[in-house]
Structure formats: structure tokens, C-alpha cells
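A.B. asks: from the sequence below, what's the structure:
(one chain, ligands or ions: 2)
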Amino acid sequence: TRSTRPQRMLKAVQKNATKGNPESVISAIDYFCKHSEWAMNVGDEKGSILDSVVTEVNPSTVLELGTYCGYSTVRIARLLSPGTKFITLEFNPANVTVARQIIAHAGIQDKVTVVEGSSGDLIPQMKERFGITTFDFIFLDHWKDRYLPDIKLFEECGLLRKGSVLLADNVICPGAPEYLEYVRNSPRYESRYYPAHLEYTKVEDGLEKSVFLG
Ligand SMILES: O=c1[nH]cnc2c(O)c(F)c(-c3ccc(F)cc3)cc12
Ligand SMILES: [Mg+2]
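C.D. replies: Numbers count the residues shown, from 1 in each chain. Ligands and ions are numbered 1, 2, ... in the order given. Predicted coordinates for the structure are as follows:
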């Protein structure tokens, strides 16, 4: 039966990237998406902005919503200090299977825990299951309609502290207008937009960085 796009991406990584080399995995995926098949990884342009924010925050606890094939997981993990607690949530079990293999190929499997399930179910379990008190950095890249309910869930579950940084992908395309309205108008967040483009295209998109003020 026909393979899936994530499976074809995994094959490209296993063929073209050097085992244990996160940079080569990132490059192999970007090459695949530019020359073979578009895929919804954050990409190289927005990925560089992600890199700069992760480096600036230098977090001790990280949560990613939306693992997909693990591209941004590898981007983030390669920048983290040893001992950082990094959890990534993915709803689609087939994506979990591919992501774990791409993460292993990059050699950063010991730096991140991939958890299968929905963010709405798993966010309230973060404290009890993973011993998290608060997250220093959160990357929202799952489903635009979950951005607003999930940020409210973070607040309700006491998972944010003064200075926690949330970075959201796709706030223009596909777009998360209700989320943007919330973080830009709430007195509890300081928000800033980073203009860029939809991965591997010339279409406008960008990242919204929001700092929780407590
Ligand atoms: O569902 C998504 N979750 C996370 N990230 C996405 C993304 O970066 C996209 F570009 C897109 C996307 C898909 C199709 C398009 F025509 C445009 C954007 C979707 C997602
Ligand atoms: Mg995205």
C-alpha cells in the first residue's frame, strides 16, 4: 500500500542525514520539503526565529504542542542545556512513530519525551505524570483551534510563571485570530509578532511570542 508523506520524509532523512547529527537531519528535511514534497514543518525561516527565541530563553522546562515528524523537536533539542526537561505532544500515532525515528536518527532521543495524546487531555497531567511545576518555554504548533483553549488551560493548571515564554506558529496562515486577540489584549501577556513566511513558500505567515507577566 502507498506510503505516507511522513514515511517518505523519514526515508529521506535515513538516506541523506548523518546519524547523530541534528543539523544534517534539519537540512535533509528542508531539502525534502523544498525539492520533493511540501510538508508542514516550521521550516528554515521561521525555524531560525524559533532558534533565536529558544537560545534567548535558555529554558529548563520546555513543552511543544504538535510534534508532527519531529523537525522542530530536533531544532529545539539541539539547543538545550543538558538536564533540560523537554516534552512534545502529538495526537496522531502514525506521526509519533515517524517522529521517534527521526529524533533517534538525530541522536537527541535522550533529550526529549514524545507523548501521544491530545493537548486538552495531557496538559492537566503534566504535573503528576512528568513532575513539571511550570514551563519556561512553550511552542504551539498543533491545531489553530486549540491555541486559545490550551493557553487558558496552562493558566488554569498553574503551568505558567512570571516570564514564561509562549511561541505560536501559523498565527497568520492558517491563522489563529482568537488566540492573537487574546494574547495581544490581555494585561497578563506582553506579545510581539515576528513576520516571516509559510514554510517553503512566499505566503505571509509569522510567529507570535507572548511572555506571561504573572
Ligand atoms: O495544522 C497545522 N499544524 C501545525 N503547523 C501547521 C503549519 O505550519 C502549516 F503551514 C499548515 C498549513 C497546511 C496547509 C496549508 F495550505 C497552509 C498551512 C498547517 C499546520
Ligand atoms: Mg506550523
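A.B. asks: contacts and neighbour counts: CA atoms only from here.
C.D. replies: Will do.
A.B. asks: up against ligand 2, what does this structure have?
C.D. replies: 42, 141, 169 (C-alpha under 5 Å from the ion).
A.B. asks: can I get these in TSV including distance to residue 7 and pLDDT?
C.D. replies: TSV is the format used below for these (distance: C-alpha to C-alpha, whole Å; pLDDT from 0 to 100):
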residue	distance to residue 7	pLDDT
42	18	98
141	20	99
169	23	99
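A.B. asks: between those, which is nearest residue 94?
C.D. replies: Closest to residue 94 out of the residues of the chain next to ligand 2 is residue 141 (17.2 Å), distances taken as C-alpha to C-alpha.
A.B. asks: contact partners for the closest one?
C.D. replies: For residue 141, the contact set (C-alpha atoms under 8 Å, 6 or more residues apart in numbering) comprises 64-67, 168-170.
A.B. asks: if you rank these by neighbours, which is first?
C.D. replies: Neighbour count (other C-alpha atoms under 10 Å) singles out residue 67 as the most crowded of the contacts of residue 141, with 29 neighbours.
A.B. asks: can you tell me the element it falls in?
C.D. replies: Using DSSP states H and E, residue 67 is not contained in any helix or strand.
A.B. asks: where do the helices of the protein begin and end?
C.D. replies: Secondary structure of the chain by DSSP state H: the helices cover 5-16, 22-35, 43-57, 71-77, 93-106, 119-122, 126-130, 144-156, 177-185.
A.B. asks: of those helices, which approaches residue 214 most closely?
C.D. replies: The closest approach between residue 214 and any of the helices of the chain, judged by C-alpha to C-alpha, belongs to helix 144-156 at 9.5 Å.
A.B. asks: can you list the residues that contact the closest one?
C.D. replies: Residues outside helix 144-156 that contact it (C-alpha under 8 Å, 6+ apart) are 119-120, 123-124, 140, 160, 170-171, 174-176, 178-179, 182.
A.B. asks: buried subset of those, written for ChimeraX?
C.D. replies: Applying 16 or more other C-alpha atoms under 10 Å to the contacts of helix 144-156, the buried members can be selected in ChimeraX as follows:
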select :119,123,124,140,160,170,171,175,176,179,182
